[in-house]
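Novice: next come a sequence and a model predicted from it.
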Amino acid sequence: MEKHIQLPITRETARTIKSGESCLLSGVIYTARDAAHKRLCALLEEGKPLPFDVKDATIYYVGPTPAKPGQVIGSAGPTTSYRMDAYSPAMIAAGETGMIGKGKRSPEVIAAMKEYGAVYFAAIGGAGALLSSCIKEAEIVAYEDLGAEAVRRLRVENLPVVCVIDSEGNNLYETGREAFLKTLQ
């Protein structure tokens, strides 16, 4: 059973999403990878406004390929998330409630998720063409000079993700492995 989630995700909603749940996201998300995160966090440190409202925002770690004629966006598969771990606690403290990527997260990111109420979703790596079909609108909102890594505002419909780490720190990468190992005994 998939959980349908209308974006943006408030802190209260984030606390209802549980590790292991398959979710379909609809609404607005933003894209940012490590170069953009570095710039965003520099603005936060300087007390300057961000180029988009991070409150209740979900950020997809993706650098999409160029759109072909007639397409909204090119292939849009997830980037390895640990590359954003140095920046994610500050972004979560600033209001970010959702992150989409692939791979494990650091203890510092998980601690911030628990403290503020945020969730981490995994998208399937290698399925960028499928994921891009869920993107209905795309526009660059900041850092156009970064090319594929520019910050984009995306409107998505039924983007398939799995909640890997919830706001309580439950981690599917750990619990799933433990459950599998029990089947081998």
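Specialist: Arrived safely.
Novice: contacts, neighbours, all on C-alpha from now
Specialist: Fine.
Novice: give me the contact list for the host helix or strand of residue 90.
Specialist: Residue 90 belongs to helix 88-94 when assigned by DSSP states H and E. Helix 88-94 is contacted from outside by 41, 44, 54, 55, 108, 109, 112, 113, 116, 118, using Cα atoms under 8 Å, 6 or more residues apart in numbering.
Novice: I'd say the last one and residue 166 touch.
Specialist: Okay, so that is residue 118. Yes: at 7.0 Å, residue 118 counts as touching residue 166 under the criterion of Cα atoms under 8 Å.
Novice: these two - which one has more neighbours?
Specialist: A count of neighbours by other Cα atoms under 10 Å puts residue 118 above the other of residue 118 and residue 166, at 34 against 26.
Novice: which residues touch the nearest residue to the more buried one once chain neighbours are set aside?
Specialist: Spatial nearest neighbour of residue 118, chain neighbours left out: residue 97 (4.2 Å); criterion: Cα to Cα, 6 or more residues apart in numbering. Contact analysis of residue 97 by Cα under 8 Å, 6+ apart lists 9, 10, 11, 14, 55, 56, 57, 58, 113, 117, 118, 119.
Novice: same thing but at 10 Å, please
Specialist: Counting by Cα atoms under 10 Å, 6 or more residues apart in numbering, residue 97 makes contact with 8-15, 54-59, 91, 113, 116-120, 167.
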